[in-house]
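[1] Compute the structure for the input listed below.
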Amino acid sequence: MICFVLAVLIPGLYWEQVPEKVDAIKRAGITRVYAPAAHAGAWKAAGIDALDSTALAQFTVVPAPTVRMEATAASATRIPWINANGWRYQRGLKRAFYKNLPQGSAVMAAAESFAYDVDAVLQPSAKDLDDLLDMVAFLGTVQGEPMPAMANLGVLDDGSPLLGEVMNLLSRRNLLYRVVPKPDSSLDLNVKVGSEQFPVEAARNPSDFAARVREKLQDENRLLRIYGSSVVIGYLTGNDGKARLFLLNYLPRPVTSLQVRIKGNYSVSKAHVPGRPNAVVKDALMREGGTEFTMPDFQRFAVVDMVKGQRQSSR
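    The predicted structure follows:
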């Protein structure tokens, strides 16, 4: 049984068995290992100091990031339902345990926890180990300090499961929000379930509720718009004239020709794509108060760094 601790700066590993693939773990940049006391000496002999696995009790278990296809009552077409954890992290969870991850989900868990700057423990299928190490090694190349989330929606959190579903749908619709204790006048729209604008009855259908929020915000005011996929979630951070966009593809097939629009004028300084060190965005331009570009093809995760106020050249 294998578990990983992934933080922005120092990834780590939990493994219940004796050490194996130690060289690959080191090459990926993993220097911390959580292990049962019985195996601590073996890890130390291999050149890695193991930490006590009882520390895993300090982490909150979260579900695996997955997609399932569901039929709707209105149509025979099956639509994707995304199980993502971004809303939990925006709600304040900072230490997460991805326990018993099914095969194929560990890479997405690593990318998701990295994007939201969460200290996360991963327990992947052993068959995912090599792919996971590749992703961890890639994350180590994405330099820079974490920046605050960018948002123009404020969500007043009452702590209810119902509001959690609402935030999940807002994230899936790429309606960027932050949790606020009271209405914030600096934001374009504040959302309080139970208010006249957003009654509780409407929130019982989170999909319709997210559509209501989008209608009241209006598309021209949205900070982020993504075209070409219904399963890519964007998370935008920034400060001091810089911005970083994380793109998470929850469906296990490549994303092609994904188009992005960011409100504001930016130049793209770097596109980070696993396995593609020379990746660049295409068709970049500034138009009508926004920056538009087409992403290079990617599998599960990509990061785009931008600088505000500079002239954007098209590629």
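[2] where do the strands sit along the stretch 201-315 of the chain?
    All strands of the stretch 201-315 of the chain, identified by DSSP state E, counting those that start in this stretch, fall at 224-227, 232-239, 242-249, 259-263, 266-272, 282-287, 290-294, 301-308.
[3] which one of the ones you listed lies closest to Val166?
    Nearest of the strands of the stretch 201-315 of the chain to Val166, taken as Cβ to Cβ: strand 232-239 at 15.3 Å. (C-beta placed from N, C-alpha, C; glycine too.)
[4] so what's the spatially most central residue of the chain closest to, chain neighbours aside?
    Centroid check for the chain by Cα atoms, centre = their mean gives Glu112 as the closest residue, at 3.6 Å. Spatial nearest neighbour of Glu112, chain neighbours left out: Pro65 (5.2 Å); criterion: Cβ to Cβ, 6 or more residues apart in numbering.
[5] mind listing what that neighbour touches?
    Residues in contact with Pro65 (Cβ atoms under 8 Å, 6 or more residues apart in numbering) are 82-85, 105, 108-109, 112, 248, 250.
[6] Got the phi and psi for it?
    Per-residue torsions, Pro65: phi -70, psi 120 (degrees, to the nearest 10).
[7] before we move on, the earlier item: closest to Thr54 out of the contacts of Pro65?
    The closest of the contacts of Pro65 to Thr54 turns out to be Ala109 (Cβ to Cβ; 21.9 Å).
[8] how much space between that closest one and Val136?
    Remark: distance between Ala109 and Val136 (Cβ to Cβ, to the nearest Å) = 11 Å.
[9] who's more crowded, the two?
    Ala109 (28 against 25; other Cβ atoms under 10 Å).
[10] For the more buried one, give me its contacts.
    For Ala109, the contacting residues are 6, 64-65, 98, 101, 120, 122, 124, by Cβ under 8 Å, 6+ apart.
[11] And Val67, what's its pLDDT?
    We have a pLDDT of 88 for Val67.
[12] Outline the domain layout of the chain.
    2-139, 153-221, 224-308 (automatic domain parsing).
[13] Now distance to Met147 too, for these, in a markdown table please.
    Formatted as a markdown table, the domains of the chain follow (distance: least, Cβ to Cβ, whole Å):
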| stretch | distance to Met147 |
| --- | --- |
| domain 2-139 | 9 |
| domain 153-221 | 13 |
| domain 224-308 | 4 |
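[14] mean pLDDT lowest for which of those?
    Comparing mean pLDDT across these, the weakest is domain 2-139, with a mean of 83.
[15] Can you give the distance from it to the centre of its chain?
    Relative to its parent chain, domain 2-139 has a centroid offset of 13 Å by Cα atoms, centre = their mean, to the nearest Å.
[16] next one: stretch 143-153
    Distance, stretch centre to chain centre, for stretch 143-153: 12 Å (Cα atoms, centre = their mean).
[17] Quote the end-to-end distance of it.
    Chord length of stretch 143-153, first to last residue, is 28 Å (Cα to Cα, to the nearest Å).
[18] List the buried residues for it?
    149-153 (16 or more other Cβ atoms under 10 Å).
[19] Next up, the contacts around Ala46.
    Residues in contact with Ala46 (Cβ under 8 Å, 6+ apart) are 19, 22.
[20] all numbers from here: first residue = 12
    Sounds good: first residue 12 from here, last item Ala57.
[21] how close does it sit to Ile36?
    9 Å.
[22] Could I get the full set of strands for the stretch 12-161 of the chain?
    Counting by DSSP E, counting those that start in this stretch, the strands of the stretch 12-161 of the chain are 13-17, 23-26, 43-46, 61-63, 71-73, 77-82, 89-94, 106-109, 130-133.
[23] can you list those strands in TSV and add distance to Arg223?
    Formatted as TSV, the strands of the stretch 12-161 of the chain follow (distance: least, Cβ to Cβ, whole Å):
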stretch	distance to Arg223
strand 13-17	35
strand 23-26	42
strand 43-46	44
strand 61-63	47
strand 71-73	28
strand 77-82	21
strand 89-94	19
strand 106-109	30
strand 130-133	32
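[24] Pipe the ones you listed into a markdown table and attach mean neighbour count and distance to Asn250 per row.
    Listed next are the strands of the stretch 12-161 of the chain as a markdown table, based on neighbours: other Cβ atoms under 10 Å; distance: least, Cβ to Cβ, whole Å:
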| stretch | mean neighbour count | distance to Asn250 |
| --- | --- | --- |
| strand 13-17 | 26 | 23 |
| strand 23-26 | 25 | 28 |
| strand 43-46 | 22 | 29 |
| strand 61-63 | 17 | 33 |
| strand 71-73 | 16 | 27 |
| strand 77-82 | 12 | 32 |
| strand 89-94 | 14 | 28 |
| strand 106-109 | 22 | 24 |
| strand 130-133 | 25 | 21 |
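[25] of the ones you listed, which approaches Ser280 most closely?
    Among these, the nearest to Ser280 by Cβ to Cβ is strand 13-17 (25.0 Å).
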